[in-house]
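A.B. asks: would you be able to build a 3D model of this:
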Amino acid sequence: MGNFVAVNGLNHVAYRCRDAEETRHFYEDVMGLPLIHVVRGDVVSTGEQGIFFHLFFEMADGSCVAFFDLGDNVAGEPSPNTPGWVNHLALQVESEAKVDEAKKRLEAAGVEVLGPKLHEGQFRSIYFFDPNGIRLELTVNTTSVDERKVFRRNARADCDAWMKDKAARLNATATV
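C.D. replies: Below is the predicted model of the structure:
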């Protein structure tokens, strides 16, 4: 297959939103991400018909989180076969102090916040939902460069071990 083109970073990730103004208020006024671009249309990139209003909110690195208001006041629905904690958007902040500062600001705005939680000594995170029911995580990496090198070195073997254990569990379930 060869080497794929270099992927330099995230441009944007997009979600459905119920209401453009409600979403703008949350991301721009509460979370401080400036609204930098909007697109209004009735033909989407696939050529399909469908009215939409597409909003882009910029993060400090220039990447964006984006939303589509489809004009019907309906939020996206979670997948019925996936626990609510699985699908989420994790956004990185620069320090543990910034995680704490964000928690205070969110709670002052009436947002319920879970955490901070420390994940296996690697990340310190808080969790909350936006007005569309999208689970968000604000996190900071708490490991050293050397620790991250070890994680990277072991990642493929850890994935292979997971797949072997998973196959054994599925085979055991199938024979019961």
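A.B. asks: strands of this protein, start to end?
C.D. replies: 12-17, 35-43, 49-58, 64-69, 89-92, 114-119, 123-129, 135-141 (DSSP state E).
A.B. asks: between those, which gets nearest to residue 108?
C.D. replies: Relative to residue 108, the nearest member of the strands of the chain by CB to CB is strand 123-129, separated by 12.6 Å. Any C-beta I mention is one placed from the backbone N, CA and C, and that applies to glycine too.
A.B. asks: ok, and for that closest one, which residues are buried?
C.D. replies: 123-129 (16 or more other CB atoms under 10 Å).
A.B. asks: find the centremost residue of this protein, please.
C.D. replies: residue 89 (1.0 Å; CA atoms, centre = their mean).
A.B. asks: show me the contacts for that residue.
C.D. replies: 13, 15, 65, 134-137 (CB atoms under 8 Å, 6 or more residues apart in numbering).
A.B. asks: quick check: angle from the longest helix along the chain to strand 135-141?
C.D. replies: The longest helix of the chain (DSSP state H) is helix 145-174. If you take axes from the mean of the first three to the mean of the last three CA atoms, to 10 degrees, helix 145-174 sits at 140 degrees to strand 135-141.
A.B. asks: all further residue positions should be reported with the first residue as 30.
C.D. replies: Understood, numbering begins at 30; the last thing we discussed is helix 174-203.
A.B. asks: show me what helix 174-203 is packed against.
C.D. replies: Helices and strands touching helix 174-203, as assessed by 3 or more CB pairs under 8 Å, 6 or more residues apart in numbering; DSSP states H and E, are absent.
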